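In: all I have is the shape, not the residue letters:
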């Protein structure tokens, strides 16, 4: 059995490659039979259970004492233009609730308008090593599949820190073209405890295992709203017009761009009148009222414009 600290705890640090995590989570929501995003809470419970099993230590003594999330980030203006500002902030709330420290760097745009991350992997590695030194982690958990982290794993090993890897292999599509996500074999070979999460999740014997079920968000309100937000007791404004920017039929919500400009407005399918979800395609002209909710201005009584 592994020696523990004087306080009896195995100290665990968790480090998320945010872009990778988002990509994997989107796969499970949009392409996998689970049709749900990954849950930070569930992943942390899974980690504690796996550390307990691998180290032969009671789960009570396996504690996550630090967790960090690294990702490139759009500016507020870019996120608003992409209708992703609200979703980003809501996921921030999830990370804050789970005690995960966020680390963001601005994404960089090339001449063609494509955005990319610069410096995040380096920051990830530096923080993971420095924190392992100062906080004396027994186990560092990497949520990533990137072979660029092999040097980090080797440095962590020199400290006597064991490394657990949570990684996924899967096939997916973009614009009808087949793609694949694969974990670096070099990274798998270097870590102490490699765990291929895709195999664990799809294992026939574990599909209904509680530790696997908990890996997924059970209520979409933990990440995205699945019901209309509570409205403040205020009278609706006058009838306005605009067009649908997008609508997610699976989630039951979308955004409207008001005529005359201004921020895009959130609306929920429960706030529509006399129209079917398949009619709410981008560019469709609609009329609506607006009301204030705790999250800002929303469109309600949304119906097709005659």
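Out: Now that the structure is in, tell me what you want to look at. None of the values given here were measured: they were computed from a predicted structure.
In: counting by contacts, list what the helix or strand harbouring residue 122 packs against.
Out: Assessed by DSSP states H and E, residue 122 sits inside helix 120-135. When contacts are defined as 3 or more Cβ pairs under 8 Å, 6 or more residues apart in numbering; DSSP states H and E, helix 120-135 sits against strand 10-17, strand 62-73, strand 101-106, strand 139-143, helix 150-158. Where C-beta positions appear, they are placed from N, C-alpha and C, glycine not excepted.
In: I'd like those laid out as a markdown table, including mean pLDDT, distance to residue 211 and mean neighbour count.
Out: Listed next are the helices and strands packed on helix 120-135 as a markdown table, based on pLDDT from 0 to 100; distance: least, Cβ to Cβ, whole Å; neighbours: other Cβ atoms under 10 Å:
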| stretch | mean pLDDT | distance to residue 211 | mean neighbour count |
| --- | --- | --- | --- |
| strand 10-17 | 97 | 16 | 23 |
| strand 62-73 | 95 | 14 | 20 |
| strand 101-106 | 94 | 25 | 15 |
| strand 139-143 | 98 | 15 | 26 |
| helix 150-158 | 98 | 25 | 17 |
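In: dump those into CSV; add distance to residue 288 as well.
Out: Converted to CSV, the helices and strands packed on helix 120-135 look like this (distance: least, Cβ to Cβ, whole Å):
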stretch, distance to residue 288
strand 10-17, 38
strand 62-73, 31
strand 101-106, 34
strand 139-143, 41
helix 150-158, 51
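In: nearest to residue 199, of the ones you listed?
Out: strand 139-143 (15.7 Å; Cβ to Cβ).
In: identify all contacting residues around that closest one.
Out: 10-17, 20-21, 43, 47, 51, 55, 128, 132, 149, 152-153, 156, 161-167, 191-193 (Cβ atoms under 8 Å, 6 or more residues apart in numbering).
In: quick one: that strand to strand 10-17, angle?
Out: Compare the direction of strand 139-143 with that of strand 10-17 by axes from the mean of the first three to the mean of the last three Cα atoms, to 10 degrees and you get 20 degrees.
In: what is the distance between strand 139-143 and the centre of its chain?
Out: How far strand 139-143 lies from its chain's middle: 17 Å, per Cα atoms, centre = their mean, to the nearest Å.
In: note down every partner strand of it and its orientation.
Out: Paired with strand 139-143 in the same sheet, following DSSP bridges, are strand 10-17 (parallel), strand 162-167 (parallel).
In: between those, which gets nearest to residue 93?
Out: Of all these, strand 10-17 comes closest under Cβ to Cβ, at 15.9 Å.
In: next, the contact list for residue 180, please.
Out: By Cβ under 8 Å, 6+ apart, residue 180 lies in contact with 169, 170, 171, 172.
In: and of those, the nearest to residue 105?
Out: Among the contacts of residue 180, and counting by Cβ to Cβ, the member closest to residue 105 is residue 172, at 25.8 Å.
In: hang on, the closest one packs against residue 24?
Out: No - the pair residue 172 / residue 24 is not scored as a contact, 10.0 Å apart, by Cβ atoms under 8 Å.
In: and for the two, which residues touch both?
Out: residue 181.
In: neighbour count winner among the two?
Out: Set residue 172 next to residue 24 and count neighbours by other Cβ atoms under 10 Å: residue 24 wins out with 25 against 16.
In: could you measure from residue 275 over to residue 287?
Out: Distance, residue 275 to residue 287, using Cβ to Cβ, to the nearest Å: 11 Å.
In: flag the shaky bits of the stretch 151-300 of the chain, pLDDT-wise.
Out: 174-176, 219-238, 293-296 (pLDDT under 70).
In: just the strands in it please.
Out: 162-167, 170-174, 177-181, 193-196, 240-248, 253-258, 265-268, 285-293, 296-304 (DSSP state E, counting those that start in this stretch).
In: follow-up on the earlier one: just give me how far the helix holding residue 122 sits from the chain centre.
Out: Taking Cα atoms, centre = their mean, one finds helix 120-135 lying 21 Å from the centre of the chain it belongs to.
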